[in-house]
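Visitor: For reference, the sequence and a predicted model appear below.
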Amino acid sequence: MATYSTAIDSPKSPGDVFEYLATFSNAREWDPSVVEAERSAGRPEMGSVYRLAVRTAGRVLSLEYEIVELDRPHRVVLQARRGGLLSSDTITVEPAYAGSRVHYVAVLQLRGLLRVVAPLAGNAFAKMADRAAAGLRLALA
C-alpha cells in the first residue's frame, strides 16, 4: 500500500474549493497524469462517477472514481477499483486564514498478483502525486 498526504492553503472560500475538488473530473486541470476526464451529470453527490484516463508506467489506464462518502462542504472520499488495484482519495476542506486549507490523502493498494510490483508502483505513485500536488497548488491559488 502506498500513501501520499499533503496540505494546501488557498485564498478561495472553502465552499468553492470543496465543489471544485468534489467534481473530480476537474483533476484534468491540475493533475498532469490525467489525460482525459468525464464527469457524472449534475452536482457531486453520493454515487457520482468520474471516468479518468491516467497515464502511468508508459500506458493509459482507465479508472472510474465513485463518491463513496460525502459530507458537503467538508469531506469527500472517492474510490476506483480495477482488477487488483484500489485507489482511494480523501479530500477534506476547512476554513483557514482568509480562505481554506485542503488536506488530501491518496492511497493506492495493489492486491493479488499486482502486489509483486508494489514497491516499484509506490515510487511511481509518489512522483505522480508530487506533480499532482504542485498542479493543485497552482489551481487553488
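Guide: Thanks, I have it.
Visitor: the strands in this protein, which residues?
Guide: Counting by DSSP state E, one finds strands in the chain at the ranges 2-10, 34-38, 49-56, 59-71, 75-82, 85-96, 99-110.
Visitor: wait, which of the ones you listed is closest to Thr23?
Guide: With C-beta to C-beta as the measure, strand 49-56 is the member of the strands of the chain nearest Thr23 (7.9 Å). No exception for glycine: its C-beta is placed from N, CA and C like everyone else's.
Visitor: residues of that closest one that come out buried?
Guide: The neighbour-count criterion (16 or more other C-beta atoms under 10 Å) identifies 50-52, 54 as the buried residues of strand 49-56.
Visitor: Now for the residues you listed: which two are most distant?
Guide: Tyr50 and Val54 (11.5 Å).
Visitor: Apart from its neighbours in sequence, what residue is nearest Arg137?
Guide: Distance criterion C-beta to C-beta, 6 or more residues apart in numbering; nearest residue to Arg137, sequence neighbours excluded, is Ile8 at 5.4 Å.
Visitor: Then Pro14?
Guide: Nearest one to Pro14, counting by C-beta to C-beta, 6+ apart, is Ser100 at 4.1 Å.
Visitor: List the contacts of the one you found.
Guide: Contact analysis of Ser100 by C-beta atoms under 8 Å, 6 or more residues apart in numbering lists 9-10, 12-14, 17, 93-94.
Visitor: sorry, back to before: now do the residue nearest to Arg137, the pLDDT please.
Guide: What the model reports as pLDDT for Ile8 is 97.
Visitor: shaky segments in the chain?
Guide: In the predicted model of the chain, residues 112-124 satisfy pLDDT under 70.
Visitor: so Arg82 touches Leu61, yeah?
Guide: Yes - counting by C-beta atoms under 8 Å, Leu61 is a contact partner of Arg82 at 7.2 Å.
Visitor: which one of these two has more residues nearby?
Guide: Ranked by neighbour count (other C-beta atoms under 10 Å), Arg82 and Leu61 place Leu61 first, with 16 against 11.
Visitor: Done for today, thanks.
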